[in-house]
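Visitor: Model the following, please.
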Amino acid sequence: MRRFVAALIVVGLAFALAGCGGGTEEAPAEDETAAPAPAASAPTGQGELTDRSPEEPGYPAPFPAIESTETPSAIQTKLEAGRPMLIYFYDQTQNESSAVRNEIDAVLGEYRGLIDLVTFDVVITEGQAPADSAKQAALVAQDLGVTATPYVIMVDSGGFITYRAKGYVESGILEREVLRATQ
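Guide: I've put the predicted structure just below:
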């Protein structure tokens, strides 16, 4: 953490020194033309969404085989039936997980029946023997490349993963991805 703060301070000082310039810059000659100022970008509306999830190349991709455990029936039946689904891995002890669940519920309330929700609580409490369901959820998460919670995976009706997001996801982004997965 200290290295990060020190790096930020060094970068800030470098920009401050570069911005000051020290007054050594010469005025342009009369025959030189000044570069035109860049055009102002269009103002961003407050309704715009920012997808803060990490970009993962290679999607859509076929749904991978789950090899470390038996494929959960909730996933298998939807894949066989060609039903789009939103798979949500969470840790009930995290506040961010409940915030993401609220965003998911808002979208699914609007698009009920178009996409199915499959959830896995992957928390394994230290000092206690994990339940079989938590063990299976952790193995499924590992096979699907889930590295942290909360984690959202969208699967379309063809059995392709169309979207992956780690961390907080806004309802507008989820809505866009639900529509993409169901069309």
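
Visitor: Is it correct that residue 77 falls within a helix?
Guide: Yes. Membership of residue 77 in a helix is supported by DSSP: H, G, I helix; E, B strand; the rest coil.

Visitor: Let me know the pLDDT of it.
Guide: Model confidence at residue 77, given as pLDDT, is 94.

Visitor: do residue 85 as well
Guide: As predicted, residue 85 sits at a pLDDT of 95.

Visitor: right, and it touches residue 75 too?
Guide: Yes. The pair residue 85 / residue 75 is scored as a contact, 7.3 Å apart, by C-beta atoms under 8 Å. Where C-beta positions appear, they are placed from N, C-alpha and C, glycine not excepted.

Visitor: between these two, which one's more packed in?
Guide: A count of neighbours by other C-beta atoms under 10 Å puts residue 85 above the other of residue 85 and residue 75, at 23 against 19.

Visitor: how about that one, phi and psi?
Guide: With angles defined as degrees, to the nearest 10, residue 85 sits at phi -150, psi 150.

Visitor: Quick one: the helices in this structure, in order.
Guide: Counting by DSSP state H, the chain has helices at residues 2-20, 73-81, 95-110, 132-143, 171-182.

Visitor: related to what we said a few turns ago, residues in contact with both of residue 85 and residue 75, list them for me.
Guide: Listed as contacting both residue 85 and residue 75 by C-beta atoms under 8 Å, 6 or more residues apart in numbering are residue 118.

Visitor: just to revisit the earlier point, need the least confident one among the helices of the chain, by mean pLDDT.
Guide: Across the helices of the chain, helix 2-20 has the smallest mean pLDDT, namely a mean of 64.

Visitor: quick one, what contacts residue 62?
Guide: Listed by C-beta under 8 Å, 6+ apart, the contact set of residue 62 reads 159-161.

Visitor: And residue 178, by the same measure?
Guide: Residue 178 is in contact with 84, 86, 107-108, 111, 114-115, 154, counting by C-beta under 8 Å, 6+ apart.

Visitor: Quick one: buried ones out of these?
Guide: Buried residues within the contacts of residue 178, counting neighbours by 16 or more other C-beta atoms under 10 Å: 84, 86, 107-108, 115, 154.

Visitor: Tell me the one among these nearest to residue 140.
Guide: Closest approach between the buried ones among the contacts of residue 178 and residue 140, by C-beta to C-beta: residue 86, at 14.7 Å.

Visitor: roughly how far apart are that closest one and residue 158?
Guide: For residue 86, the distance to residue 158 (C-beta to C-beta, to the nearest Å) stands at 15 Å.

Visitor: now swap in residue 72 and tell me
Guide: Residue 72 sits 20 Å away from residue 158, going by C-beta to C-beta.

Visitor: Mind checking which of those two has more residues around it?
Guide: Comparing residue 72 with residue 158 by other C-beta under 10 Å, the one with more neighbours is residue 72, at 18 against 13.
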